[in-house]
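Enquirer: can you look at this prediction? I've put the sequence above it.
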Amino acid sequence: MDFGFSDEQLMIQDVARRIAQEKIAPSAEHHDRTGEFPLENIRTLGENGLMGIEVPAEYGGAGMDPIAYVLAMVEIAAADAAHSTIVSVNNSLFCNGILTFGNEEQKQLYVRAIAEGREIGAFALTEPQSGSDATAMRCKATLQDDGTYLVNGKKSWITSGPVAKYIVLFAMTDMDKGARGITAFMVDTEREGFHRGKTEPKMGIRASATCEIEFTDYVIKPEEVLGAEGEGFKIAMSVLDAGRIGIASQAIGIARAAYEATLEYVRERKAFGQPIGAFQMTQAKIADMKCKLDASLLLTLRAAWKKGETEKHGGRFSTEAAVAKLTASEAAMWITHQALQIHGGMGYSKELPIERYFRDAKITEIYEGTSEIQRLVIARNETGLR
Ligand code: CAA
């Protein structure tokens, strides 16, 4: 076992850290306050390979491994979680899905523009009445005599929905078959029949635009089917396994930023004649924050390593990804909570980013599978029972 990183992994981490510190961190407060989508920064990330970290160079990406993806995501999330949400969806839900399940034409057409940061990608699974229970979707794609599909229905909570050029869509092609009746499709948002609905006013990750989308007789050509008909649910689940590594990395970045700010604060802030970091009650919190942060990072790196292994040898990394996401997201919530408590009134004030970290951390326990769903996945896989 080797706890070191390769030169390539360190290089992408350095690039991500530089952009995160020079471009993203300085505008994070503005983007959080205004909710403005950070298009310019996303372009810069794309120009530097960070919108397609695991995408091979032939499709416009950086050609790195899943470990490099974790390292880069942590740096971006530590500067601003909203940016890292956009990066994560582009990398792990959009590019990864097409690279794994798409054909050569689809890879050339959809992956390059997204990996280079020229366009934004999205992933449409959730519906107003179907979140954790993903097979309860009602959006329908009906096969026509000419081989095209006619799509009708609504999807909600679509990250980057307001700005996406292409979307990976999951729709029912056979309502009677449940999970096996779902098919994945590629959608071009500039075509007729695609509409954007209300945007979500969110508690955190405010600059990552989120909206409802609707399809009315939207026509999908046969070459826009991703994978085989009826394979959509498995595609969604396996893509979400990768996505959960991204969200775990995001949680670690948020938690690290809160932890580092807290370390600085407890050394400087004095009470009762000494730095508050000298009090045992603060020290216990610092020690627990450090343990949770390190455990989250190690579990997330293990999941990324396992993803790399399954790419070479087959198999799944569902359990490792769920363990990483569950641990890291709950750690991020706990760490940002403690950071806010230690900062006292200053933590509650918008003058410091602590309250933003706290608000941003919460979503990591919700999207790409709630903590309850992660526990269900882990326990089902461990016990073999359901
Ligand atoms: N990889 C491949 N296939 C998988 C799989 C995986 N990880 N997990 C399940 N499958 C397959 C199963 O093997 C099964 O196949 P067969 O029919 O051949 O047996 C099929 O999928 C159905 O599996 P289940 O019976 O386990 O399905 P279920 O209905 O019980 O659901 C679930 C399982 C774990 C609850 C799943 O629905 C789930 O993960 N729900 C959460 C959904 C989610 O994460 N949503 C996030 C929205 S996207 C988002 O948040 C993005 C964003 O904007 C940031």
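Expert: That came through, no problem. Keep in mind that what you see is a predicted model, and the values were worked out from it rather than measured.
Enquirer: give the contact list for the residue in the stretch 1-150 of the chain positioned nearest to the ligand.
Expert: Taking Cβ to the nearest ligand atom, the ligand has its nearest neighbour within the stretch 1-150 of the chain at Ala134, 4.1 Å off. C-beta here means a position set from N, CA and C on the backbone, and glycine is covered the same way. Going by Cβ atoms under 8 Å, 6 or more residues apart in numbering, Ala134 touches 125-126, 170, 233, 236.
Enquirer: again with Thr300
Expert: 70, 245, 248-249, 252, 324, 328.
Enquirer: what about it, is that helix, strand or coil?
Expert: Using DSSP: H, G, I helix; E, B strand; the rest coil, the structure places Thr300 in helix.
Enquirer: again with Glu214
Expert: strand.
Enquirer: ok, back up a step: ranking by neighbours, what's the top pick from the contacts of Thr300?
Expert: Ala248 (36 neighbours; other Cβ atoms under 10 Å).
Enquirer: returning to that earlier point: next step: the contacts of Ala134 restricted to strands.
Expert: Phe170 (DSSP state E).
Enquirer: dump the contacts of Ala134 into a markdown table; add distance to the ligand, neighbour count and pLDDT as well.
Expert: Compiled in a markdown table, those are given as follows (distance: Cβ to the nearest ligand atom, whole Å; neighbours: other Cβ atoms under 10 Å; pLDDT from 0 to 100):
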| residue | distance to the ligand | neighbour count | pLDDT |
| --- | --- | --- | --- |
| Leu125 | 5 | 27 | 98 |
| Thr126 | 5 | 19 | 98 |
| Phe170 | 9 | 25 | 98 |
| Phe233 | 5 | 21 | 98 |
| Ala236 | 8 | 23 | 98 |
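Enquirer: farthest pair in the contacts of Ala134?
Expert: Thr126 and Phe233 (13.5 Å; Cβ to Cβ).
Enquirer: which stretches of the stretch 101-250 of the chain form strands?
Expert: In the stretch 101-250 of the chain, the strands defined using DSSP state E, counting those that start in this stretch lie at 121-124, 140-143, 149-159, 166-172, 182-188, 194-199, 210-220, 225-226.
Enquirer: deepest-packed of those strands, please.
Expert: Of all those, strand 121-124 carries the top mean neighbour count, a mean of 28, counting by mean count of other Cβ atoms under 10 Å.
Enquirer: name the nearest residue to the spatially most central residue of the chain, ignoring sequence neighbours.
Expert: In the chain, the residue lying closest to the centroid (Cα atoms, centre = their mean) is Ser88, at 3.8 Å. Spatial nearest neighbour of Ser88, excluding adjacent residues (Cβ to Cβ, 6 or more residues apart in numbering): Gly246 at 3.6 Å.
Enquirer: what's near enough to touch that neighbour?
Expert: 69, 73, 87-89, 91-93, 368.
Enquirer: what's the spacing between it and the ligand?
Expert: Using Cβ to the nearest ligand atom, to the nearest Å, Gly246 is found at 9 Å from the ligand.
Enquirer: can you check Leu385 too?
Expert: 12 Å.
Enquirer: Gly273 now?
Expert: 47 Å.
Enquirer: now that residue: phi and psi?
Expert: The phi and psi values for Gly273, taken as degrees, to the nearest 10, are phi 80, psi 10.
Enquirer: what do you get for Glu119?
Expert: Torsion angles, degrees, to the nearest 10, at Glu119: phi -130, psi 170.
Enquirer: same deal with Ser208?
Expert: phi -90, psi 110.
Enquirer: which non-adjacent residue is nearest it?
Expert: Thr85 (3.9 Å).
Enquirer: and the pLDDT for the one you found?
Expert: Reported pLDDT at Thr85 in the predicted model: 98.
Enquirer: the helix or strand containing it - contacts with which helices or strands?
Expert: Applying DSSP states H and E as the criterion places Thr85 in helix 81-88. Under the contact definition 3 or more Cβ pairs under 8 Å, 6 or more residues apart in numbering; DSSP states H and E, helix 81-88 sits against helix 25-34, helix 39-47, helix 66-79, helix 232-268, helix 354-363.
Enquirer: try 10 Å this time
Expert: helix 7-19, helix 25-34, helix 39-47, helix 66-79, strand 149-159, helix 232-268, helix 354-363 (3 or more Cβ pairs under 10 Å, 6 or more residues apart in numbering; DSSP states H and E).
Enquirer: just send the ones you listed back as CSV, with distance to Val187 too.
Expert: Output for the helices and strands packed on helix 81-88, formatted as CSV (distance: least, Cβ to Cβ, whole Å):
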stretch, distance to Val187
helix 7-19, 29
helix 25-34, 27
helix 39-47, 20
helix 66-79, 25
strand 149-159, 8
helix 232-268, 13
helix 354-363, 24
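Enquirer: measure the residue nearest to Glu36 when sequence neighbours are not counted to the ligand for me?
Expert: In space, Glu36 comes closest to Ala207 once its chain neighbours are excluded; the distance is 6.1 Å by Cβ to Cβ, 6+ apart. Applying Cβ to the nearest ligand atom, the value for Ala207 to the ligand is 14 Å.
Enquirer: tell me the contacts of Ala207?
Expert: 27-28, 30-38, 41, 80-83, 85-86 (Cβ atoms under 10 Å, 6 or more residues apart in numbering).
Enquirer: and for Thr319?
Expert: Per Cβ under 10 Å, 6+ apart, neighbours of Thr319: 241, 303, 306, 374, 377-382.
Enquirer: can I get the strands of the stretch 101-250 of the chain in TSV with distance to Ala295?
Expert: Below are these laid out as TSV (distance: least, Cβ to Cβ, whole Å):
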stretch	distance to Ala295
strand 121-124	28
strand 140-143	42
strand 149-159	27
strand 166-172	32
strand 182-188	34
strand 194-199	36
strand 210-220	30
strand 225-226	36
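Enquirer: show me what contacts the residue in the stretch 51-200 of the chain that the ligand sits nearest to?
Expert: For the stretch 51-200 of the chain and the ligand, the shortest gap (Cβ to the nearest ligand atom) falls at Thr159, measuring 3.4 Å. Listed by Cβ under 10 Å, 6+ apart, the contact set of Thr159 reads 85-86, 88-90, 93, 120-124, 126, 200, 205, 208-211, 363, 367-368.
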